[in-house]
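**Q** coords below, sequence missing:
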């Protein structure tokens, strides 16, 4: 950030009065430009003993497998965003069953939220950001070709919890390493 | 937003190529300025059969009671943010026990997250954004003087769950009405 989005003047980086951390501040119009973490919301679509994964068509991690997810938009709930991303990336219709995993990624200022969801039918196909969409049983999951640690951890929790039928919300922090 | 924060040119509001919703776009340098919901994170500090509430010194809802909470900052986890806000608003030391409530507030593009936390000692006092900090037993809670629906719902869930000692994560949507 170099310029004030309100008045177009140059911004400076300093601690505003009454604050305790540096912000981008416009000394011309007084606007303080706060920058905060973003939410990534998505689904774990489930169909019987199978889960739905998408092969990424775009960077980062193009060609690797992911759960449908993306940035939460203004004006929508995290649940609505998860359903929308599932429709956009996998052209798949789901019914959300509940929040399942929450991951803090402080090194990139993101919080991920994944919802367990019932895949309602087999009428799915790759959206613009995917090259392939497939159902996988546990032993078929491409564990070494998953795009992100949050995908790995969500799937691992799910297959561990599934025998009990109890799916408590799991909260975790992802450290700096992109693959573990 | 009127000006591009990257180059200072005027921005326009339109749907970028490959997107499906309006964004602020800079036609001079090509930057798309995405705007996304913010996370508010906080604690439900618990001390035996009492909960800690703060009386707000600032707008909105100055004078009403709230749980310590505030905007998650870049570079921190939602848990760290909840602990920080509790220290800033109530000068209180807590140990987080787990995520407890998640509320979508789509009309103001916010997602609230409250964590159950053990209040570690009685050395608390009002921070800059509070005029008073007190412990309340269930029958002492000022239900008609709570600042926000998310506070009401978090406390209501807590006192309902407490007899069982089981505190599943609760997810809810808050509608447009500021008080219900």
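**A** Nice, I can see it. Quick caveat: nothing in here was measured; it's all calculated off a predicted structure.
**Q** Tell me the confidence at residue A:178?
**A** At residue A:178, the predicted lDDT confidence score is 53.
**Q** ok, now how distant is the residue in chain A sticking out farthest from the centre from residue A:9?
**A** Residue farthest from the centre of chain A, counting by CA atoms, centre = their mean, is residue A:28 at 36.9 Å. To residue A:9, residue A:28 is 4 Å away according to CB to CB, to the nearest Å. In short, each C-beta sits where N, CA and C put it, glycine included.
**Q** Likewise for residue A:40?
**A** 33 Å.
**Q** In terms of packing, which of the two has more residues around it?
**A** Using other CB atoms under 10 Å in any protein chain shown as the criterion, residue A:40 and residue A:9 rank with residue A:40 on top: 24 against 15.
**Q** So is whichever strand or helix holds the more buried one next to chain B?
**A** Element membership for residue A:40, per DSSP states H and E: strand A:38-47. Yes: counting by CB under 8 Å from any CB of the partner chain, contacts between strand A:38-47 and chain B involve A:38-39.
**Q** Run through who's touching that strand.
**A** A:51-52, A:67-72, A:78-79, A:81-83, A:85-86, A:90, A:92, A:94, A:96, A:100, A:109-119, A:122, A:135, A:154-155, A:158, B:36-37, B:39, B:111 (CB atoms under 8 Å, 6 or more residues apart in numbering or on different chains).
**Q** In contact with residue A:72, which residues are there?
**A** Neighbouring residues of residue A:72 by CB under 8 Å, 6+ apart: A:38-41, A:78, A:81, B:36-37, B:111.
**Q** can you pull the contacts of the residue farthest from the centre of chain A?
**A** Per CB under 8 Å, 6+ apart, neighbours of residue A:28: A:4, A:7, A:9.
**Q** To which secondary structure element type does it belong?
**A** Secondary structure, DSSP: H, G, I helix; E, B strand; the rest coil: residue A:28 is coil.
**Q** From residue B:56, how far off is it?
**A** Counting by CB to CB, the gap from residue A:28 to residue B:56 is 31 Å.
**Q** same deal with residue A:152?
**A** Residue A:152 is 42 Å from residue B:56, by CB to CB.
**Q** ditto for residue A:3
**A** Residue A:3 is 34 Å from residue B:56, where distance means CB to CB.
**Q** Which residue, other than its chain neighbours, is closest to the residue most central in space within chain A?
**A** For chain A, the residue nearest the mean C-alpha position is residue A:40 (3.1 Å; CA atoms, centre = their mean). Spatial nearest neighbour of residue A:40, chain neighbours left out: residue A:112 (4.7 Å); criterion: CB to CB, 6 or more residues apart in numbering or on different chains.
**Q** Give me the neighbour count for residue A:15.
**A** Neighbour count for residue A:15, taken as other CB under 10 Å: 11.
**Q** Do you know the pLDDT at it?
**A** 97.
**Q** what are the phi and psi values for residue A:2?
**A** phi -120, psi -30 (degrees, to the nearest 10).
**Q** What separation do you get for it and residue A:26?
**A** For residue A:2, the distance to residue A:26 - CB to CB - is 11 Å.
**Q** what about chain A, any weak spots by pLDDT?
**A** A:177-180 (pLDDT under 70).
**Q** Buried residues in stretch A:88-100, which are they?
**A** A:88-94, A:96, A:99-100 (16 or more other CB atoms under 10 Å in any protein chain shown).
**Q** Closest one to chain B out of the residues you listed, please.
**A** Within the buried residues of stretch A:88-100, the smallest distance to chain B is 4.9 Å, found for residue A:99 (CB to the nearest CB).
**Q** and the closest one, that's in a strand?
**A** Yes: according to three-state DSSP, residue A:99 belongs to a strand.
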